[in-house]
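Q: Sequence below, structure please.
(one chain, ligands or ions: 2)
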Amino acid sequence: MADQIIFTAEDLTRMLIDLPTCNQTIGDQARARQNSLTKPQGSLGHLEELAIWLASWQGRDAPSVADAYCLVFAGNHGIAAKGVSAYPAEVTAQMVMNFEQGGAAINQLCRVSGAVLKVVALELDRPTDDLSQGPAMTAEDCARALQVGRDAVPETADILLLGEMGIGNSTSAAALSAACFGGAVKDWTGPGTGLDQSGLDYKINLIEQAMSCHDNMLTSPFEILRRLGGRELAAIAGAVICARERGIPVILDGYICTAAAAVLTTGATAALDHCQVAHLSREPGHRVLSEILGKRPILDLDMRLGEASGAAVALMVLQAAVAVHNGMATFAEAGVSEHD
Ligand SMILES: O=C(O)c1ccc[n+]([C@@H]2O[C@H](COP(=O)([O-])O)[C@@H](O)[C@H]2O)c1
Ligand SMILES: Cc1cc2nc[nH]c2cc1C
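A: Ligands and ions are numbered 1, 2, ... in the order given. Model (predicted):
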């Protein structure tokens, strides 16, 4: 039922300790197949790991990414009114229109990678509250956004690409990362869409205010998302969990998308095992975040756009990984001698 709120803080915590795991037997078989293909062992590097990861999470000997679904969640942030972004808040809704009209980078990248694009705007005319002064969302708002994220996940897909659009949300991403993993706010904060040094100093100061304001109250994944996140970020978290339940592997886009998903690891360390990080964003906090999560980003292209753009480019690398895994001949089939 669409209007039934199923996410209390306790529900989310419980859901996270009950997540399905991958099929280890199929993973082992996929690794054995990689070692039997006509190439020096390990010579396809990270492509081999990606194919094995896909096989084990899809539970299929021959993994596929043919049915790729891309979800971009959009939300507006009260703190944007304080000037934490190089762009005005109205750009969020304007870019959603641009997505709908086919004029954005993600439209071209989904077209070329073959992913189906779905854009979900979450109450853009009702920005969240300013997280430096109090909780960004009420419990009901946060629960509804998590549910929107869950509802947006297709029943079936080979792979789910996740991304976001929200002016000011690199501020939330820094706050979420600091809340989850500690460390200095300045190490999690970057220029986002293009702040200069004084803008960056101001943004750091506001996030430090937020951390003092919410100190001692960031007691669960739900509370972290509710106090410091935003609707599109909670929706990403909801979609990540739903994809896990449906056996759909996930590609997380850049810093903001990874930070939203990372909140789930505070409830269960293995919560993102079915996810890959698409690319290493230029936003400086993303390197540390990826390292903490034990994720090797698929690409490193100095991108910092968001809107799932890196995820769509990474999908093309997964297509390459799948093609070699499924299509190559083994040493035995091709009559090629193995190493002594
Ligand atoms: O994905 C990233 O790593 C990334 C890094 C910097 C900026 N962005 C995008 O830019 C917006 C957030 O930046 P800002 O400066 O408005 O906080 C939001 O719409 C994101 O999609 C995205
Ligand atoms: C123009 C623009 C496009 C974006 N796409 C994702 N985040 C964005 C931020 C801006 C400012």
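Q: What distance do you get for residue 42 to residue 52?
A: Applying CB to CB, to the nearest Å, the value for residue 42 to residue 52 is 12 Å. Placement of C-beta: from N, CA and C, glycine included.
Q: More neighbours: these two, which one.
A: residue 52 (22 against 10; other CB atoms under 10 Å).
Q: close to ligand 2, is stretch 225-238?
A: No. Using CB under 6 Å from any ligand atom, stretch 225-238 stays clear of ligand 2, coming no nearer than 10.8 Å.
Q: Now do the same contact list for the residue nearest to residue 123 when sequence neighbours are not counted.
A: In this structure, residue 123 finds its nearest non-sequential neighbour in residue 231, 6.3 Å apart by CB to CB, 6 or more residues apart in numbering. Applying CB atoms under 8 Å, 6 or more residues apart in numbering, we find residue 231 in contact with 73, 75, 122, 123, 128, 137, 141, 145, 148.
Q: how about 10 Å then?
A: The contact partners of residue 231, by CB atoms under 10 Å, 6 or more residues apart in numbering, come to 73-77, 120-124, 126-128, 136-137, 141-142, 144-146, 148-149, 164, 166, 169, 225.
Q: Put the buried members of those residues into a PyMOL selection.
A: Entered in PyMOL, the line below selects the buried ones among those, by 16 or more other CB atoms under 10 Å:
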select buried, resi 73+74+75+76+77+120+121+122+124+127+128+136+137+141+142+144+145+146+148+149+164+166+169+225
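Q: So which of the contacts of residue 231 reach ligand 1?
A: With CB under 6 Å from any ligand atom as the criterion, the contacts of residue 231 include 164, 166, 169 near ligand 1.
Q: Distance check, the second one against residue 338.
A: The spacing between residue 166 and residue 338, counted by CB to CB, is 52 Å.
Q: same check, this time on residue 118
A: Residue 118 is 46 Å from residue 338, where distance means CB to CB.
Q: try residue 285
A: Going from residue 285 to residue 338 by CB to CB gives 45 Å.
Q: more crowded one of the two?
A: Neighbours per residue (other CB under 10 Å) separate residue 285 from residue 338, with residue 285 holding more: 25 against 12.
Q: got a list of what the nearest residue to that one once chain neighbours are set aside touches?
A: Counting by CB to CB, 6+ apart, residue 285 lies nearest to residue 188, which is 4.2 Å off, once chain neighbours are set aside. Counting by CB under 10 Å, 6+ apart, residue 188 makes contact with 170, 173-182, 204, 207, 255, 259, 283-286, 288-289.
Q: Can I have the buried ones of the residues you listed as a ChimeraX selection?
A: With 16+ other CB under 10 Å as the criterion, this ChimeraX line picks the buried residues out of the contacts of residue 188:
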select :170,173,174,175,176,177,178,179,180,181,204,207,255,259,283,284,285,286,289
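Q: any chance you could map the strands in the stretch 101-250 of the chain?
A: Listed in chain order, the strands of the stretch 101-250 of the chain (DSSP state E, counting those that start in this stretch) span 116-121, 159-165, 250-252.
Q: Can the first one be said to contact ligand 2?
A: When you say that, I think you mean strand 116-121. No. Residues of strand 116-121 are not located near ligand 2 by CB under 6 Å from any ligand atom, the shortest gap being 11.2 Å.
Q: Output the contacting helices and strands for that strand.
A: strand 68-74, helix 91-101, helix 105-113, helix 139-152, strand 159-165, helix 231-245 (3 or more CB pairs under 10 Å, 6 or more residues apart in numbering; DSSP states H and E).
Q: okay, the residue nearest to the spatial centre of the chain: pLDDT?
A: What sits nearest the mean C-alpha location of the chain, by CA atoms, centre = their mean, is residue 252, with 2.9 Å. Here, the pLDDT recorded for residue 252 equals 99.
Q: Next up, the contacts around residue 295.
A: 252, 258, 262, 272, 273, 275, 276, 277, 278, 280, 289.
Q: cool, residue 67 as well?
A: Counting by CB under 10 Å, 6+ apart, residue 67 has contacts 114, 115, 116, 154, 156, 157, 158, 159, 248.
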